[in-house]
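got a sequence here, can you model it:
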Amino acid sequence: MKDQANITAGEQAKHITGGETDGGITSSYATDDGVKLKVPYSFMGTIYDEAEEQAVLAAMKQDTLTMGPKTAEFQEKFAELCGVKHAFAVSNCTTGMHVATQLFDIKKGDEVIVTPNTFIATSLVILKEGAIPVYADIDPDTYNIDPECVAKLVTEKTKAIYVVHYGGLMVDMDPIMEIAKKHNLFVLEDCAHAHNAEYKGRKAGSIGDIGVFSFHSLKNMTTCGEGGMMTTNNDEFGKGMEALRCMNLTQWKPEDKSWKFGGIECNKASDLEYWLPSHFDVDDWNGHWGNNYRMNEIQAAVGCCQVDKADMLTDKRRAIGHKLTAGLQGIKGITPVFESADCKHVFHLYTVCVEEAELGATRDEFMKVLYEEEGIQGILHYQPTYHFTGLKKMGYDPDQCPNANAFFYKRELNLPMHPKLTDEDVEMMIAGIRNAAEKVRK
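Coordinates of the predicted model:
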């Protein structure tokens, strides 16, 4: 294997993916530009070892490969991890949020208050139901949705608030829940970044009406690159999750009914025994129809192993994050990650902010030097959602959230962050940032 310090970004792409990728930014951040990287931005956010390998092989030998015993075990373990009554596995976080949007009975013309500082999926599930995303600005220190901005945007059309725990730091949930209670609104926690995160001792996914997690390749836990989990303490929502993630299928109960199909009438359950166990019933859920959002057994088997490692993976990320924060203190113009005393930050992202006036250079000038001369690959996300072409067509004000705009276009930069980073990697990032700051300042 090549020395990591001398691997180019293009070679890194092939090393990670085995060649070209179809998924674009959803499958790799590598570029083929010849830059020699010391610390590339890895697309693997967790650690796999023999436990996952053995779990996959064992699952492959089962009689069922989808929604079987490993899925049930994974759900039970994840519910316990989050401190919730119910957890239901799905194909990914986006499909889980779509189910949640249906469970909230969000329809055409309804408004949902949401952060613009998130992946498009958080707004996409609202748009798919014909509803209107309403964007609340972010707190410039935490980069999370600002409850004060949320409170100002509530109207008679508002149906829900969708929060995103950006980077692994949970949103200030108490005021969000107070707003929701006051106006009878639903709250969705997009926990894609927040596995095992805490707010005042409560786990992500346990405070709002529904929480949804991602197990994409980049995330703090992953189930073979894709996957998701819905969490709730609401029994009725739990029943709806089961139905909508699996095409509205319900149990066949011939003993409860008399049947007449095509002129054939059956009045006794014994007349229908030969239909079991393969037959089923289908019914809408509050006027909504589901889809095939199931998780397979191999993913679930890996998920069980990842839950077993959750504390270890979290501890590694937190240790790396705290080393970076300590090392970046005192660099003029560079703001390390903010960590609230009320929260347990799980460092899905490590976002440094470049303060142009203090640094004496722009974020882009700094990022260019950090990448090309120091070999540290940083990533920019997320562009405010209302700036995407499809939403601009809808007439959104491009200047409506000044903090979010400044954050993406002028301030933020995400450093490589995953639990396999070594002390040497961390020291190279700290030195690279210090050196780049001095170079652009001069």
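
going forward, measure contacts between C-alpha atoms and count neighbours the same way
Will do.

off-centre distance for the helix or strand encompassing residue 430?
For residue 430, the enclosing helix or strand under DSSP states H and E is helix 423-441. Relative to the mean C-alpha coordinate of its chain, helix 423-441 is positioned 29 Å out (C-alpha atoms, centre = their mean, to the nearest Å).

CA atoms of that helix as PDB?
The C-alpha trace of helix 423-441 is given here as PDB (Å, rounded to 0.1, in the frame of the first residue of the first chain):
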ATOM      1  CA  ASP A 423      -2.700  11.000  16.900                       C
ATOM      2  CA  GLU A 424      -0.300  11.700  14.000                       C
ATOM      3  CA  ASP A 425      -3.300  12.600  11.800                       C
ATOM      4  CA  VAL A 426      -4.700  14.900  14.400                       C
ATOM      5  CA  GLU A 427      -1.300  16.600  14.900                       C
ATOM      6  CA  MET A 428      -0.900  17.000  11.100                       C
ATOM      7  CA  MET A 429      -4.300  18.700  10.900                       C
ATOM      8  CA  ILE A 430      -3.500  21.100  13.800                       C
ATOM      9  CA  ALA A 431      -0.100  21.900  12.300                       C
ATOM     10  CA  GLY A 432      -1.700  22.300   8.800                       C
ATOM     11  CA  ILE A 433      -4.300  24.700  10.000                       C
ATOM     12  CA  ARG A 434      -1.700  26.800  12.000                       C
ATOM     13  CA  ASN A 435       0.600  26.900   9.000                       C
ATOM     14  CA  ALA A 436      -2.200  27.800   6.500                       C
ATOM     15  CA  ALA A 437      -3.400  30.600   8.800                       C
ATOM     16  CA  GLU A 438       0.100  32.000   9.000                       C
ATOM     17  CA  LYS A 439       0.600  31.800   5.200                       C
ATOM     18  CA  VAL A 440      -2.600  33.500   4.300                       C
ATOM     19  CA  ARG A 441      -2.100  36.100   6.900                       C
END
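
tell me who's in contact with the nearest residue to residue 420 once chain neighbours are set aside.
Spatially, and ignoring its direct neighbours in sequence, residue 420 is nearest to residue 47 (7.1 Å; C-alpha to C-alpha, 6 or more residues apart in numbering). Going by C-alpha atoms under 8 Å, 6 or more residues apart in numbering, residue 47 touches 313, 419-420.

domain parsing for this structure?
4-42+310-441, 50-248+286-307, 252-282 (automatic domain parsing).

could these go into TSV alongside mean pLDDT?
Shown next, in TSV, are the domains of the chain (pLDDT from 0 to 100):
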stretch	mean pLDDT
domain 4-42+310-441	90
domain 50-248+286-307	97
domain 252-282	68
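
got the ones you listed as JSON lines, with mean neighbour count columns?
Formatted as JSON lines, the domains of the chain follow (neighbours: other C-alpha atoms under 10 Å):
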{"stretch": "domain 4-42+310-441", "mean neighbour count": "18"}
{"stretch": "domain 50-248+286-307", "mean neighbour count": "21"}
{"stretch": "domain 252-282", "mean neighbour count": "12"}
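
contacts for stretch 359-374, please.
Residues lying outside stretch 359-374 but in contact with it, judged by C-alpha under 8 Å, 6+ apart, are 35-38, 332-334, 354-356, 376-378, 410-413, 432-433, 435-437, 439-441.

quick check: the residue most central in space within the chain vs residue 156, distance?
Residue closest to the average C-alpha location in the chain (C-alpha atoms, centre = their mean): residue 192, at 1.7 Å. In this view, residue 192 and residue 156 are 29 Å apart by C-alpha to C-alpha, to the nearest Å.

next one: residue 97
23 Å.

for residue 323, same thing?
Distance from residue 323 to residue 156, by C-alpha to C-alpha: 47 Å.

quick one, what contacts the residue nearest to the centre of the chain?
Contacts of residue 192 (C-alpha under 8 Å, 6+ apart): 93, 164-165, 212-215, 219.

swap in residue 281?
249-252.

please apply the same query to residue 410.
Counting by C-alpha under 8 Å, 6+ apart, residue 410 has contacts 354, 356, 362-364.

how about residue 403?
Counted by C-alpha under 8 Å, 6+ apart, residue 403 has contacts 137-140.

go through those and say which is closest to residue 58.
Here the nearest of the contacts of residue 403 to residue 58, counting by C-alpha to C-alpha, is residue 138; it sits at 45.3 Å.

correct me, but the closest one touches residue 115?
Yes - judged on C-alpha atoms under 8 Å, residue 138 makes contact with residue 115 at a distance of 7.0 Å.

find residues that contact each of the two.
Common neighbours of residue 138 and residue 115 (C-alpha under 8 Å, 6+ apart) are 144-145.

in the stretch 151-300 of the chain, which spans are strands?
158-164, 186-190, 198-199, 202-203, 210-214, 228-232, 249-250, 259-261, 264-266, 281-282 (DSSP state E, counting those that start in this stretch).

make CSV from the ones you listed and add distance to residue 151 to it.
Formatted as CSV, the strands of the stretch 151-300 of the chain follow (distance: least, C-alpha to C-alpha, whole Å):
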stretch, distance to residue 151
strand 158-164, 10
strand 186-190, 13
strand 198-199, 20
strand 202-203, 23
strand 210-214, 20
strand 228-232, 24
strand 249-250, 39
strand 259-261, 52
strand 264-266, 57
strand 281-282, 40
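
could you point out which of those strands sits nearest residue 301?
Nearest of those (C-alpha to C-alpha): strand 228-232, 13.4 Å.

mind giving me the packing neighbours of the closest one?
Here strand 228-232 touches strand 86-90, helix 93-103, strand 210-214, going by 3 or more C-alpha pairs under 8 Å, 6 or more residues apart in numbering; DSSP states H and E.

CA atoms of that strand as PDB?
Below are the C-alpha coordinates for strand 228-232, written out as PDB (Å, rounded to 0.1, in the frame of the first residue of the first chain):
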ATOM      1  CA  GLY A 228     -31.900   4.000   8.900                       C
ATOM      2  CA  MET A 229     -33.900   3.800  12.100                       C
ATOM      3  CA  MET A 230     -37.000   5.500  13.400                       C
ATOM      4  CA  THR A 231     -37.500   6.000  17.100                       C
ATOM      5  CA  THR A 232     -40.600   7.000  19.100                       C
END
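
change the start of the numbering to 48 and stick with it
With 48 as the first residue, the last one maps to strand 275-279.

and it with helix 140-150, angle?
Put simply, strand 275-279 runs at 30 degrees to helix 140-150, going by axes from the mean of the first three to the mean of the last three C-alpha atoms, to 10 degrees.

direction included, what does strand 275-279 pair up with?
Strand 275-279 sits in its sheet next to strand 133-137 (antiparallel), strand 257-261 (antiparallel), going by DSSP bridges.
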